[in-house]
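Enquirer: Structural data only, the sequence is not supplied:
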């Protein structure tokens, strides 16, 4: 076998484990250099005595996946995306939507348990990396990813690199104030942040506000109990032609469009990639967002920025992005050489 | 002479020309690798038949400076900071405050005239680079520079590099909307942009608005004709204890503080460097800015960001930053080797 061929085979046999820690579930998969995910799995993120019990469960559930690619020596490392994940420290810090409070050194705990290097980043950043390597932002050096789910997250790429900021916490665009003195945020207590309007939660609040204001006006949404009005149900009413439901998306699009215009004047991205559950609204959301973004841009920025939806399945983006961190990781020299010996032995057996 | 010594002498004898194109005047200087500026000069930016006449004048006025460092062969290149300057194209594009309209290929014109590589960037970006290399942001990899002058400009550095965006126009933070539907911008027609409130022009508008609202209230500013109320005069009244003048700075600081909080949640900088004429207000501005910035930040960002004034003289920052672009420029191989031959000849003579 020629030397370059054998190098190629070696790379093809190298895998990364991508882990996406969410508020309720933690998804994982084994990923190769081409971005193919195999051996997907999921465990709950809640109900553990402490973080160590969670790590133990993760370790247990990942064993079949690791075995199926030939053993731990074929895994280059682990990448994790998590809310409030700090790339520099490998810690999850004060994540409001997770049960583990305070500062959790999750990268170290995983490294110790699996004896593999582990790199952590914020969940929205992981999704942005996934999109850059395998999705709608392939090949782009400047783009912003906005995740519109229960909350609003973001990952910002400039000059081909994710912006982490000096402390690892950059990219909290959901908490920027877009309506000073506006809607109260249920968690942070701030008024008028983007998240209060354009998250799934925000959309349902807008719907309830409009319904309550227009007492006499007919709407399909009036048949639903207030606490059961979700962004999904507003969407369903809107596609049936419901006027108030359509207004909710017009308003949401206006706020998001204005915010995106501000973001464009900050980093002048080639594209803004929208991602997350709220994107299922499609054109109903995209049209007013685009109109209001363009209207609020300086002429030099107009009609330049691509406004697109993610091309990846929601859980895949973060798993892929987390795994992509592994290829960039400098592995510990000792671990690497041990692995190399093991790989060589196995390869010899096969020949 | 040892080889390394001779290399050092060669570097010490190498200079860059930094040029800061402003709306009224164009300043220049010859800069060495240590950031020492010599042979400063200035020409007007206005009153030329066309851009070529301006370039001719610049060429003429720079000759004594070039001669004084030993001749053009000791100049590595030219760096220019200009409003709406585009780093990628070397063009000034539709600059509202310059007399040359449309797209001006200034870098190419300078290269052709001087037979030296020329790199262009936006004036605020040039100032940010100057600050990073020789000023308050020395050694920082993540900071934002805000210039508060007649207008509001910005230069953003993340991961140690200036953010240019996909088209070279990133960093127009003065045009981000901080009060939707708010004050009308005299040039862009947008409502509520940061520049309408926190530029020198914005400060004088705020003063006039408050004076007109409070007809009965005494203020030193009422003795000044409306059109003669400038931010400088508001400052002078404020230091004398004038209540309305102090309120003007409180309001300006509140708006700027809120905007900075949004910027911090975007790129999480180590510092925000304030720069430009309005900074002469000192603590009068800084205190309310800091208070309102902190108040609007998520807890994870609070009490972390340094809020500082520039350490460079206003004209120096852009000249230094523009010259710094030169050290990064890859010079054309042919020109470089020609220069080398010339240098060698001169050096031989001296020996």
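Expert: Arrived safely. Note that the coordinates shown come from a computational prediction; the quantities given were computed from them, not determined experimentally.
Enquirer: show me what contacts the residue in the stretch 101-250 of chain A positioned nearest to chain B?
Expert: Using Cβ to the nearest Cβ, the point where the stretch 101-250 of chain A gets nearest to chain B is residue A:165, with a distance of 2.4 Å. Yep, even glycine has a C-beta here, placed from its N, CA and C like the rest. Residue A:165 sits next to A:171, B:142, B:158, B:267-269 when contact means Cβ atoms under 8 Å, 6 or more residues apart in numbering or on different chains.
Enquirer: Find me the pLDDT at it, would you?
Expert: As predicted, residue A:165 sits at a pLDDT of 97.
Enquirer: Can you name the residues of the stretch 201-350 of chain A that neighbour chain B?
Expert: A:258, A:261-263, A:265-270, A:296, A:298-301, A:304 (Cβ under 8 Å from any Cβ of the partner chain).
Enquirer: From these, which land in strands?
Expert: Within those, no residue falls in strands by DSSP state E.
Enquirer: that older thread, helices - which of the contacts of residue A:165 land there?
Expert: Judged by DSSP state H, the contacts of residue A:165 include residue B:267 as members of helices.
Enquirer: most surrounded residue in the contacts of residue A:165?
Expert: residue B:269 (28 neighbours; other Cβ atoms under 10 Å in any protein chain shown).
Enquirer: the helices in the stretch 51-200 of chain A, which residues?
Expert: With DSSP state H, counting those that start in this stretch as the criterion, the stretch 51-200 of chain A has helices at A:51-68, A:106-114, A:123-134, A:194-198, A:200-213.
Enquirer: Please convert those helices to TSV, extending it with mean pLDDT and mean neighbour count.
Expert: Shown next, in TSV, are the helices of the stretch 51-200 of chain A (pLDDT from 0 to 100; neighbours: other Cβ atoms under 10 Å in any protein chain shown):
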stretch	mean pLDDT	mean neighbour count
helix A:51-68	96	15
helix A:106-114	97	19
helix A:123-134	93	28
helix A:194-198	98	27
helix A:200-213	96	20
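Enquirer: who wins for proximity to residue A:290 among those?
Expert: helix A:194-198 (14.3 Å; Cβ to Cβ).
Enquirer: The closest one vs chain B: in contact?
Expert: No: using Cβ under 8 Å from any Cβ, helix A:194-198 stays clear of chain B, coming no nearer than 9.7 Å.
Enquirer: what helices or strands is that helix leaning on?
Expert: strand A:152-158, helix A:200-213, helix A:243-267 (3 or more Cβ pairs under 8 Å, 6 or more residues apart in numbering or on different chains; DSSP states H and E).
Enquirer: Give me the distance between that helix and the centre of its chain.
Expert: 17 Å (Cα atoms, centre = their mean, to the nearest Å).
Enquirer: Other residues contacting it?
Expert: With Cβ under 8 Å, 6+ apart, helix A:194-198 has contacts from A:148, A:151-152, A:173-179, A:182-186, A:201-203, A:205-206, A:251-252, A:255-256, A:259, A:278.
Enquirer: and what of stretch A:107-120?
Expert: With Cβ under 8 Å, 6+ apart as the criterion, stretch A:107-120 contacts A:51-52, A:55-56, A:58-59, A:62, A:72, A:75-82, A:85-87, A:90-92, A:106, A:322, A:325-326, A:328-332, A:335.
Enquirer: Among those, the buried ones, what's the PyMOL command?
Expert: For the buried members of the contacts of stretch A:107-120, the matching PyMOL selection, counting by 16 or more other Cβ atoms under 10 Å in any protein chain shown, is:
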select buried, chain A and resi 51+55+58+62+72+75+76+77+78+79+80+81+82+85+86+87+90+91+92+106+322+325+326+329+335
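Enquirer: Pull out the buried residues from the host helix or strand of residue A:236.
Expert: Taking DSSP states H and E as the criterion, residue A:236 maps to helix A:231-239. Across helix A:231-239, burial judged by 16+ other Cβ under 10 Å covers A:231, A:233-235, A:237-238.
Enquirer: do stretch A:271-280 as well
Expert: A:271-279.
Enquirer: can you check stretch A:292-304 too?
Expert: Buried residues in stretch A:292-304 (16+ other Cβ under 10 Å): A:292-294, A:296-298, A:300-301, A:304.
Enquirer: residues making contact with that stretch?
Expert: So stretch A:292-304 is contacted by A:253-254, A:256-258, A:260-262, A:264-265, A:268, A:305, A:307, B:84, B:93-94, B:166-167, B:169, B:172, B:175, B:177, B:188, B:190 (Cβ under 8 Å, 6+ apart).
Enquirer: coming back round to it: can you list the contacts of residue A:165 in a markdown table and add distance to residue A:113?
Expert: Listed next are the contacts of residue A:165 as a markdown table, based on distance: Cβ to Cβ, whole Å:
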| residue | distance to residue A:113 |
| --- | --- |
| A:171 | 28 |
| B:142 | 32 |
| B:158 | 33 |
| B:267 | 34 |
| B:268 | 30 |
| B:269 | 35 |
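Enquirer: Run through the residues of the stretch 51-200 of chain A sitting next to chain B.
Expert: Neighbours of chain B within the stretch 51-200 of chain A, by Cβ under 8 Å from any Cβ: A:84, A:93-94, A:140-142, A:156, A:158-159, A:161, A:163-173, A:175-180, A:188, A:190.
Enquirer: make it 7 Å
Expert: For the stretch 51-200 of chain A, the contact set with chain B under Cβ under 7 Å from any Cβ of the partner chain comprises A:93-94, A:141-142, A:158-159, A:161, A:163, A:165-167, A:169-170, A:172-173, A:175-177, A:179-180, A:188.
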